[in-house]
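Colleague: heads up, no residue letters with this:
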């Protein structure tokens, strides 16, 4: 299957700082990338969908100014958690899809805001 | 918010036992049902994509069935092995231009040697 690399796998940051998470499709061009968030004992919740070269589509309840998504190329999407607070501590995971195919997941990022 | 439920939340089985678990999803506006296998510290791995009512898919010792009219899918593992230990996620994709995917909370399987 195709490979999606997510970096970093874990990060600890101070409250008020911003954190950037990268999602790369290593061996295919991803026309669409998805960002999910998972709270403990809950399901993966879709945060936003991004298509290369256009603005991300955010799900209801997700603050677009808080969670900045950039999909500048066909192999890279970034999620920036701005002015992070402890309640933003969570597991974030991306998936990438090329046209007409299934989506492949990254390994996820565990964010802890202290 | 769509209701996609998986049961049980977790289970422990002995090596060699067969097991199965359930994914329940809305019976309307169905497009596809995905099953994923998610090992700790790894990426979720796609197992099956099921689209037609009555579909049965098989991959080695793992198989799945689909009933779109009543809104459920079963995942079966025959002769469980320790390497089958993982969380099994289902994801419901609804029809429509956007084709949004909603995940269940997963079933965590532990196979005891």
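Modeller: That came through, no problem. All of these numbers come straight from a predicted model, not from anything done at the bench.
Colleague: My impression was that residue A:42 belongs to a helix - is that right?
Modeller: No: assigned with DSSP: H, G, I helix; E, B strand; the rest coil, residue A:42 falls outside any helix and is coil.
Colleague: pretty sure it is touching residue B:105, no?
Modeller: Yes: Residue A:42 is in contact with residue B:105 according to Cβ atoms under 8 Å; the separation is 6.2 Å. To be clear about C-beta, it is placed using only N, CA and C from the backbone, and glycine gets the same treatment.
Colleague: Looking at these two now, which is surrounded by more residues?
Modeller: Set side by side, residue A:42 and residue B:105 show more neighbours around residue B:105, with 18 against 13, by other Cβ atoms under 10 Å in any protein chain shown.
Colleague: Surely the more buried one touches residue A:40?
Modeller: No: using Cβ under 8 Å, residue B:105 is not in contact with residue A:40; the gap is 10.6 Å.
Colleague: And the closest residue to residue B:84 other than its chain neighbours, which helix or strand is it part of?
Modeller: Leaving aside its sequence neighbours, residue B:84 sits nearest to residue B:111 (Cβ to Cβ, 6 or more residues apart in numbering or on different chains; 5.2 Å). Using DSSP states H and E, the element containing residue B:111 is strand B:107-112.
Colleague: Quickly run through the sheet partners of that strand, with directions.
Modeller: For strand B:107-112, the pairing partners within the sheet under DSSP bridges are strand B:10-14 (parallel), strand B:86-94 (antiparallel).
Colleague: who's in contact with residue A:81?
Modeller: By Cβ atoms under 8 Å, 6 or more residues apart in numbering or on different chains, residue A:81 lies in contact with A:18, A:19, A:20, A:21, A:66, A:67, A:88, A:92, A:111.
Colleague: picking that back up, can you verify my assumption that the residue nearest to residue B:84 contacts residue B:15?
Modeller: Yes: counting by Cβ under 8 Å, residue B:15 is a contact partner of residue B:111 at 5.7 Å.
Colleague: Comparing the two, which shows the higher neighbour count?
Modeller: Neighbours per residue, other Cβ under 10 Å: of residue B:111 and residue B:15, the larger number sits with residue B:111, 20 against 12.
Colleague: measure the more buried one to chain A for me?
Modeller: Distance, residue B:111 to chain A, by Cβ to the nearest Cβ, to the nearest Å: 21 Å.
Colleague: which residues touch the residue nearest to residue B:84?
Modeller: With contacts defined as Cβ under 8 Å, 6+ apart, residue B:111 is in contact with B:12, B:13, B:14, B:15, B:80, B:81, B:82, B:83, B:84, B:85.
Colleague: Settle this for me: the fourth one is touching residue B:110, isn't it.
Modeller: No: under the criterion of Cβ under 8 Å, residue B:15 is not in contact with residue B:110, lying 10.8 Å apart.
Colleague: pLDDT below threshold where in the chain?
Modeller: All of this is about chain A. Low-confidence segments of chain A, defined by pLDDT under 70: A:1.
Colleague: looking at chain B here, not the other one
Modeller: B:1, B:97-99.
Colleague: how about the strands in it?
Modeller: In chain B, the strands defined using DSSP state E lie at B:5-7, B:10-14, B:19-24, B:30-38, B:45-50, B:56-59, B:62-67, B:72-77, B:86-94, B:101-103, B:107-112.
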